[in-house]
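Peer 1: what's the 3D shape of this:
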Amino acid sequence: MASNSTSLMTTSFVTEVLATAGHLQKEDINMKLAKLSSRIKTVKAEVVDALQKKYVDFYPCLHASLDLQSRVKSLSEDMAAVNNKIDGEIKNQLNMSTGEFQDLALQLEETNGILAVLDKLVQIHEALQIIEQALKNKQFTSAAKYLDQIHSLLSTPCSERESEIKILTSLHTEYHVQKEQLIFTLGETWSENVRWTVPDTRNQAVIADEVVDLTLRTGEINIMKTTIQAMQDMHILVNKVKGFGERLLTHIIKPVVSDSRVQVHIETHPQSKSLVVQGRFDGSDIASPTEIFTKLGTLFSFLSKHMFSTEVCKSGDVKSFFLMEELGQCMGEQFLDLIVRECLSHSIPTSNRGLEQYNQVAAATAKFHQLLVKCHFLPSTNSKLLDYVRNINVLFANKKCQEILEKARNLMTSEIHNMIQITSEPPVGTLPPLLKQEPGQKPNVDEKPSLSSQSKLSANMFRLPTCYISVSVQKLMNMAYETLQEASSSSPQCAIQLFYCVRNMFELFCSVVPTYHRESLTKLPQLAALHHNNCMYIAHHLLTLGHQFRNKFPEPLSQGGATFVDLVPKIRRLGTECFLEQMATQRSQLLEYLKGAQGFSNVSEESNFLSAERAIKQILFQLQRLEHIWQEVLPWNIYCKAMGTLLNSVVLEIINSVTVLEDISAVDTTHLHTLLSMFTEKSPELFQTDDDQYGAQAELNKNVLKWFKFKELLIIVNAGMQEIADRWADGKGPLAHEFTANEVKQLIRALFQNTERRATVLAKIR
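Peer 2: Below you'll find the predicted structure:
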């Protein structure tokens, strides 16, 4: 009753003001506005009191606040009428009273401000009431709409002193409470309609099939649509869909892609449908792309039919979008990368035959792409899957090259000591002619024959000597021939890539083998010899490898680009340097043994003789050990040069040691002759094959450069002065051919006492 009487009093007063506005004096205007302000303050107090009780004290006051908005609205309309009347009629009558008019204007402005604040408070209150009722009725879009309205009202101040209004703080709090309540309710509704059942992997004692269940409710479609739209309006849909996409990738898509034993099927229930994924998720059995696409097609069809085909309107935009589009934006790139990495990459063939059969995979990929576009998961402009399978020639070549280089590296890092004998066979395959005559072209009879046409190359020009190489290197070379043979029947782009892959394989050999086997090649003479043979074997084949396949390759390879000749010096140098380092190591060791002979001085003493004898035996034993290791492995000519070089180093050191001796007694000469004779007896055996003693002696004489000088030294040690003079023969004998005059004189002075006869002989040596 009090509120109704207040409304009537305010209305009658406004009517009286409007009726007599043309005749009122200035005093009457002030009095009437004061009364109107008083009534507005009364309504303000009632509004604030009602909001205080509901949002601060939480008293039930529903009936007392039902007509707040209508009363404030009525006051606003009446106040607007007064403003218009004053602006139109009374303002003209107050031209002569500027001070009074300014007071009136200030009073009007204050009254309008109070009314605006009251209207704002009532609007917020009314919106909160609607939101509360909408949540009970599951009208989520309506609740989101009014929350947005409240946010707009709260963020737009209508008075400079609005911050002083304490009730607004309570309305701010109530707004946030209602907002969080709506977000929570939307999340609960989403969880009720989208249910996940995933296995608990924390306490799995027994390995068994795992089951993932994704259930979508189909009985309350409208509620779910309202929920999705409200989530969009509240700007939480993206995060919700992103979380769903992450679980979809983890629990369904990755298991399906990684293991062919995972099965996918759909179960129908009265108010829902379920997508069930069952199997072992360990990824030990890779599935084919066709099988994977079939299972994933079931998944995306299930999603698009039962929830993700929902259209969602953007805030402030007429254009709508499908929920599946949002899912694609959140996880599309991760999904495509997973398909490429775990599915399509495994299906890339590694042979030309498999490349021809790849059309089935390409067709299945295109069909799957169309499904993703049709269900709006991917935009039509996204062709990542199609581009991948269309680029199959490059992918095939890349995978083939990667596989070849991986196998090659495994061969290079395998054990070198596993040997196989190679005979004097020509390179694998036939060699094409060096000059290619065009079809129908007649030979030029007037052309003079060149030197190359007059003399023919030896049939053994491209034959390897018999020796041993590593089994791994033979496999490496065979793999190179097989790769080039496959390249000759491949597409031009693939052929070029495979050719350079073979080149990279041999460049990899130059880097990997010396590094990986460094310690073995340094310490083990047999492996150093094998590595030398391996390099010579590879270089031998590389001389003609490019020429063999050049005519089968596309341009520019067929125009001379298909060559490996530039790698030949590098690989040969690799083997040679390794073997020379081993030779240097062996030479140092032999000379170290020889130091034990102490320069062969005073060998008549038993201790010195035994030391010298032990040194010579160590040298011979080491040489015999190398003979046992190298003779079968190395080609015969390389073995003879290597053994001759080592023996020559020892012999030369012995000669230098003996020729610098100042005094050699008769007993010393006997013992020295005995020691040096050990070399003449055992050395030919180092070059002997079967029972060919004459051939062994010939190889010894040929490869040990100082052997004749050593034999002359042995003769001098055991000869008389006359025999030495005879062998000098005035500088024309065999002794003069090996020794200089000063060296012979030094030996004579050391071997014989100072007599006239010695002086006579020394005089002849010049």
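Peer 1: does the closest residue to His306 other than its chain neighbours count as helix, strand or coil?
Peer 2: Once flanking residues are discounted, His306 sits nearest to Leu216: 4.6 Å by C-beta to C-beta, 6 or more residues apart in numbering. All C-beta spots, glycine's among them, are computed from the backbone N, C-alpha and C. What DSSP: H, G, I helix; E, B strand; the rest coil gives for Leu216 is strand.
Peer 1: Next, the contact list for Leu216, please.
Peer 2: Counting by C-beta atoms under 8 Å, 6 or more residues apart in numbering, Leu216 makes contact with 193-194, 272-274, 302-303, 306-307.
Peer 1: Inside helices: which ones of those residues?
Peer 2: 193, 302-303, 306 (DSSP state H).
Peer 1: Run through the strands of this structure in chain order.
Peer 2: Using DSSP state E, the strands found in the chain span residues 194-197, 210-217, 263-268, 272-279, 311-313, 320-322, 419-422, 467-470.
Peer 1: Need those strands in JSON lines (columns: mean pLDDT and distance to Leu735).
Peer 2: Listed next are these as JSON lines, based on pLDDT from 0 to 100; distance: least, C-beta to C-beta, whole Å:
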{"stretch": "strand 194-197", "mean pLDDT": "90", "distance to Leu735": "103"}
{"stretch": "strand 210-217", "mean pLDDT": "88", "distance to Leu735": "95"}
{"stretch": "strand 263-268", "mean pLDDT": "89", "distance to Leu735": "97"}
{"stretch": "strand 272-279", "mean pLDDT": "88", "distance to Leu735": "93"}
{"stretch": "strand 311-313", "mean pLDDT": "85", "distance to Leu735": "112"}
{"stretch": "strand 320-322", "mean pLDDT": "85", "distance to Leu735": "108"}
{"stretch": "strand 419-422", "mean pLDDT": "90", "distance to Leu735": "45"}
{"stretch": "strand 467-470", "mean pLDDT": "93", "distance to Leu735": "40"}
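Peer 1: Listing request: residues of the stretch 51-200 of the chain with sub-threshold pLDDT.
Peer 2: 51-115, 158-165 (pLDDT under 70).
Peer 1: That one: helices as residue ranges?
Peer 2: 68-85, 91-93, 98-136, 140-155, 166-193 (DSSP state H, counting those that start in this stretch).
Peer 1: what does the stretch 401-550 of the chain give?
Peer 2: With helices called from DSSP H, counting those that start in this stretch, the stretch 401-550 of the chain shows them at 451-454, 471-487, 492-516, 518-523, 525-549.
Peer 1: which of the ones you listed is buried the deepest?
Peer 2: helix 525-549 (a mean of 23; mean count of other C-beta atoms under 10 Å).
Peer 1: How far does that one sit from its chain's centre?
Peer 2: Its chain's C-alpha centre lies 33 Å from the corresponding centre of helix 525-549 when counted by C-alpha atoms, centre = their mean, to the nearest Å.
Peer 1: before we move on, back to that, what's the most distant pair in the ones in helices among the contacts of Leu216?
Peer 2: Using C-beta to C-beta, the pair of these lying farthest apart is Asn193 and Phe302, separated by 14.3 Å.
Peer 1: These two: which is more packed in?
Peer 2: Asn193 (21 against 18; other C-beta atoms under 10 Å).
Peer 1: which residues touch the more buried one?
Peer 2: Counted by C-beta under 8 Å, 6+ apart, Asn193 has contacts 216-217, 220, 223-224, 227, 307.
Peer 1: Neighbours of Met224, how many?
Peer 2: By other C-beta under 10 Å, 22 other residues sit near Met224.
Peer 1: Kindly report the same for Gln334.
Peer 2: Residues lying near Gln334 (other C-beta under 10 Å) number 13.
Peer 1: just Lys702 next, same as before
Peer 2: Lys702 is flanked by 13 other residues according to other C-beta under 10 Å.
Peer 1: ok, and the helix or strand in the chain with the lowest average confidence?
Peer 2: The least trusted helix or strand in the chain, going by mean pLDDT, DSSP states H and E, turns out to be helix 2-19, with a mean of 42.
Peer 1: ok, now which ones touch Met643?
Peer 2: Contacts of Met643 by C-beta under 8 Å, 6+ apart are 623, 626-627, 630, 686-687, 703.
Peer 1: Give me the mean pLDDT for stretch 701-708.
Peer 2: For stretch 701-708, mean pLDDT is 92.
Peer 1: Can you get me a residue count around Gly575?
Peer 2: There are 23 residues near Gly575, going by other C-beta under 10 Å.
Peer 1: Who are the contact partners of it?
Peer 2: Gly575 is in contact with 531-536, 539, counting by C-beta under 8 Å, 6+ apart.
Peer 1: Repeat that for Leu355.
Peer 2: Taking C-beta under 8 Å, 6+ apart, one finds 349, 392-393, 396 in contact with Leu355.
Peer 1: most centrally placed residue in the protein?
Peer 2: Arg341 (11.3 Å; C-alpha atoms, centre = their mean).
Peer 1: dump the residue contacts of that one.
Peer 2: With C-beta under 8 Å, 6+ apart, Arg341 has no contacts at all.
Peer 1: Also Ser491?
Peer 2: Contacts of Ser491 by C-beta under 8 Å, 6+ apart are Asn393.
Peer 1: Next up, phi/psi of it, please.
Peer 2: phi -70, psi 160 (degrees, to the nearest 10).
Peer 1: do you know how far the closest residue to Met331 other than its chain neighbours is from Met324?
Peer 2: Among residues not flanking Met331 along the chain, Gly245 sits closest, at 3.4 Å (C-beta to C-beta, 6+ apart). Distance, Gly245 to Met324, using C-beta to C-beta, to the nearest Å: 11 Å.
Peer 1: For this structure, give me the ranges with low pLDDT.
Peer 2: Checking the chain against pLDDT under 70 turns up 1-115, 158-165, 201-208, 281-284, 315-318, 424-462.
Peer 1: mind running it again at 80?
Peer 2: Regions of the chain meeting the criterion pLDDT under 80 cover residues 1-125, 152-171, 200-209, 219-220, 280-286, 314-319, 350-357, 424-463, 554-561, 690-693.
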